[in-house]
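**Student:** Here is a sequence with its predicted model. Questions after.
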Amino acid sequence: MAEEEYREALLSLSSKKKKNYHEDCSGCKVEQMKELERGVPIRRLFSIWIIVLCTALPISSLFPFLYFMIRDFHIAKDEEDIGYYAGYVGSTFMLGRALTSVFWGIVADRYGRKPVIIIGTISVVIFNTLFGLSVNFWMAIATRFLLGSCNGLLGPIKAYSSEIFREEHQAIGLSTVSTAWGIGLIIGPALGGFLAQPAEKYPNIFSNDSLFGRFPYFMPCLAISIFALAVTIATLWLPETLHNHSEDNVSNDDAYEALESATKGENEERESPSTKSLLKNWPLMSSIIVYCVFSLQDMAYTEIFSLWAVSPRKFGGLSYSTENVGEVLAISGFSLLVFQLTLYPYMERLLGPITVTRIAGALTIPLLTSFPFISMASGFTLALLLNCASVIKNVLSVSVVTGLFILQNKAVDQNQRGAANGIAMTAMSLFKAAGPAGGGALFAWAQSRKDAAFLPGTEMVFFVLNVVQAIAVIMTLKPFLVTTRQ
C-alpha cells in the first residue's frame with residue numbers, strides 16, 4: 001500500500017516537473033529551453049567555440065615573433081640570452097592565470113558565468129592590444145601578466161558548456177571547448193608568423209614610418225583584438241545558466257528526489273554542496289592531477305615541435321621556415337574541428353570519456369616515437385608524413401583533454417563547477433608554465449649530444465616526452481583515477 005502511494009506521488013510530481021520553474025531565474029529559463037529544444041544546438045556550439053578561440057589565440061600567437069621582439073628591446077646583453085627573456089614573457093600569462101583562476105571560478109559560482117566570460121574577452125581586447133604596442137621588456141611583461149590575470153573564462157566556460165546543453169549533447173559541448181582551445185593554440189602561431197613585421201614582408205604596402213613599421217608586432221595583436229571585440233559584443237546576448245533563486249524554496253525536483261530516496265530506503269541526510277570540500281573530492285582532484293600531467297607533456301611538445309621543425313637538418317630538424325610550420329599547424333587545426341564535431345561525440349558515447357582518454361594517451365607514445373624517423377624523409381614524402389603525424393597528434397591530445405573535462409564537470413554539482421574548473425586552471429597553468437621552459441631546455445641539451453651512442457639528438461627529446469606521457473596514461477588507471485557514480 002505504501003509503495004502504491006509513493007508511486008502515485010512520484011507520477012504526480014513528475015507530471016508537474018516541467019511547470020515548476022522560477023520566473024526570474026535565468027538558470028530555470030535555460031532549463032525550460034533545453035526541454036523544448038530538438039536536435040544539436042549549432043548556434044550555441046558556435047558561440048562557445050568563438051569565445052574559447054578568442055581566448056586561446058593570444059596565448060601562442062607571440063611565439064613566432066617573440067625572439068625578434070626581445071632582440072628589438074635590446075635588453076639581452078648577448079644573443080644567447082634572448083631565449084631566457086623570451087621565456088619570462090611567455091610564462092607571465094600562465095603565471096597570472098594561475099594566481100587568479102580560483103578567484104574567477106568563485107566569482108562565476110556567485111555572480112554567474114556570463115560576467116566572467118565578458119570580462120575575459122574584454123581583457124583580450126585591451127591587454128593584447130597594449131602588448132602589441134610594447135616599447136620595452138617590462139611593458140610586455142606587465143601586459144601579458146594582466147592579460148592572464150583578467151582572462152579567467154576558460155574554467156567558467158567549461159561549466160557553462162556542461163549546463164547550456166541537454167545531457168546527450170554535453171560531450172559535444174565540452175569537446176567544442178577543447179577543440180577551440182586546441183585550434184587557437186595551433187592557429188595563433190601561424191597568425192603571428194604571417195602578420196608580424198609587415199613592413200619587412202610587404203614593403204610595397206607598409207612603410208617603415210607607418211604604424212605597423214614603428215610597431216612591427218602590432219598587426220597580429222590588433223587582428224586578434226578586433227576579433228575579440230566582436231566576440232565581446234556577441235556574448236552580451238548569451239543566456240546565463242546559473243540559478244539565482246534561494247535554495248530554501250523547494251522545487252518539485254527536490255521533492256521528487258526525496259521521495260525517490262524514500263522508496264529505496266535511503267534515510268541519510270544529503271550533504272549540502274556548499275559544505276563539500278573540493279580538495280577532498282578525489283574524483284575531481286584525481287582528474288585534475290592527470291589533466292596537469294597531460295598538459296605538461298602537451299605544452300612541452302608544442303614548444304619542441306616548432307623548434308624541431310625550424311632547426312637545421314644537421315641537428316636532426318627539418319629546416320622548415322615559419323611559414324611552413326604555420327601551414328602544418330593550420331591543417332592540423334582544421335582537422336581538429338572536423339574530428340571534434342563529427343567523430344568524438346560518437347566515440348565518447350560508445351566508449352566513455354575514461355576509455356577514450358586512455359586509448360588516445362596510449363596511441364600518442366608510438367606516434368611520438370616515429371617523429372625522429374620522419375625527419376629522414378624529404379620533399380613531398382616529408383610533408384605528407386609530417387602533416388599526418390601532426391593531425392593525429394593533435395586529435396589525440398584534444399581527445400584526452402575533452403575526456404578529462406567531462407570527468408571534472410561530472411565530479412561536482414553545478415554551484416561548484418566554476419570553482420572546480422578554477423582549481424583545474426590554476427594547477428594546469430602552473431604545469432603549462434613549466435612546459436615550454438622545460439621543453440626548450442631539453443631540446444637545447446639534446447642538440448648538444450647529437451653524436452651520443454644512446455638516443456642521440458632529437459631521439460632523446462621524444463623519448464622523454466613519451467616517458468611523461470606513459471606516466472600520465474598509467475595515472476588514468478584505477479585506483480588513482482576515480483569517477484563518480486552517475
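**Tutor:** Great, that's in hand.

**Student:** what residue ranges in the stretch 101-250 of the chain are flagged as low confidence?
**Tutor:** Scanning the stretch 101-250 of the chain with the threshold set as pLDDT under 70 gives 168, 170, 244-250.

**Student:** Is it correct that V398 is in contact with G182?
**Tutor:** Yes. Judged on Cβ atoms under 8 Å, V398 makes contact with G182 at a distance of 4.4 Å. (C-beta placed from N, C-alpha, C; glycine too.)

**Student:** what's the overlap in contacts for the two?
**Tutor:** L336 (Cβ atoms under 8 Å, 6 or more residues apart in numbering).

**Student:** And for A98, the neighbour number?
**Tutor:** Neighbourhood size, A98 [other Cβ atoms under 10 Å]: 21.

**Student:** got it, and F145?
**Tutor:** Neighbour tally, F145, other Cβ under 10 Å: 20.

**Student:** And for V461?
**Tutor:** Count around V461 with other Cβ under 10 Å applied: 26.

**Student:** what about it, distance to G316?
**Tutor:** With distances taken as Cβ to Cβ, to the nearest Å, V461 is found 9 Å from G316.

**Student:** And A383, how close does it get to S335?
**Tutor:** With Cβ to Cβ as the criterion, A383 and S335 are 15 Å apart.

**Student:** do the same with A420
**Tutor:** 31 Å.

**Student:** again, but for L130
**Tutor:** Taking Cβ to Cβ, one finds L130 at 34 Å from S335.

**Student:** in stretch 233-245, what counts as buried?
**Tutor:** Using 16 or more other Cβ atoms under 10 Å as the test for burial, stretch 233-245 gives T235, L238, E240, T241, L242, H243.

**Student:** Between A420 and S335, which has more neighbouring residues?
**Tutor:** Per other Cβ under 10 Å, whichever of A420 and S335 has more neighbours is A420, with 26 against 19.

**Student:** Excluding sequence neighbours, find me the nearest residue to the residue minimising distance to the centre of the chain.
**Tutor:** With distances taken as Cα atoms, centre = their mean, the residue of the chain nearest its centroid is W181 (4.4 Å). Leaving aside its chain neighbours, W181 sits nearest to A56 (4.9 Å; criterion: Cβ to Cβ, 6 or more residues apart in numbering).

**Student:** and the one you found, what helix or strand is that in?
**Tutor:** Element membership of A56 [criterion: DSSP states H and E] is helix 42-60.

**Student:** Tell me which other helices or strands that helix touches.
**Tutor:** helix 113-123, helix 154-164, helix 170-195, helix 218-235 (3 or more Cβ pairs under 8 Å, 6 or more residues apart in numbering; DSSP states H and E).

**Student:** tilt between the helix or strand that that helix is followed by and helix 218-235?
**Tutor:** Remark: after helix 42-60, the chain's next helix or strand is helix 63-73, criterion DSSP H and E. In terms of direction (axes from the mean of the first three to the mean of the last three Cα atoms, to 10 degrees), helix 63-73 departs from helix 218-235 by 130 degrees.

**Student:** what does helix 63-73 contact?
**Tutor:** By Cβ under 8 Å, 6+ apart, the residues outside helix 63-73 that reach it are 62, 76, 79, 82-83, 85-86, 89-90, 134, 136-137, 140, 188-189, 192-193, 196-197, 216-217, 220, 306, 322, 325-326.

**Student:** Now restrict these to buried residues only.
**Tutor:** Buried among the contacts of helix 63-73 by 16+ other Cβ under 10 Å: 62, 76, 82-83, 85-86, 89-90, 134, 137, 140, 188-189, 192-193, 196-197, 216-217, 220, 306, 322, 325-326.

**Student:** which ones are touching V231?
**Tutor:** Residues in contact with V231 (Cβ under 8 Å, 6+ apart) are I50, I51, C54, T121.

**Student:** Count residues in the vicinity of the first one, would you?
**Tutor:** Same thing as I50. Look at I50: counted by other Cβ under 10 Å, it has 17 neighbours.

**Student:** Isn't it up against A180?
**Tutor:** Yes. Using Cβ under 8 Å, I50 makes contact with A180 at a distance of 7.5 Å.

**Student:** Please identify which helix or strand holds the closest residue to E459 other than its chain neighbours.
**Tutor:** Nearest residue to E459 in three dimensions, chain neighbours excluded: P372, at 4.8 Å (Cβ to Cβ, 6+ apart). Using DSSP H and E, P372 sits in helix 371-374.

**Student:** what mean pLDDT does that helix have?
**Tutor:** Mean pLDDT, helix 371-374: 88.

**Student:** C-alpha coordinates for that helix, CSV please?
**Tutor:** What follows is helix 371-374, C-alpha atoms only, in CSV (Å, rounded to 0.1, in the frame of the first residue of the first chain):
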residue,chain,number,x,y,z
PHE,A,371,59.0,11.7,-35.3
PRO,A,372,62.8,11.4,-35.4
PHE,A,373,62.4,9.0,-38.3
ILE,A,374,60.1,11.4,-40.2
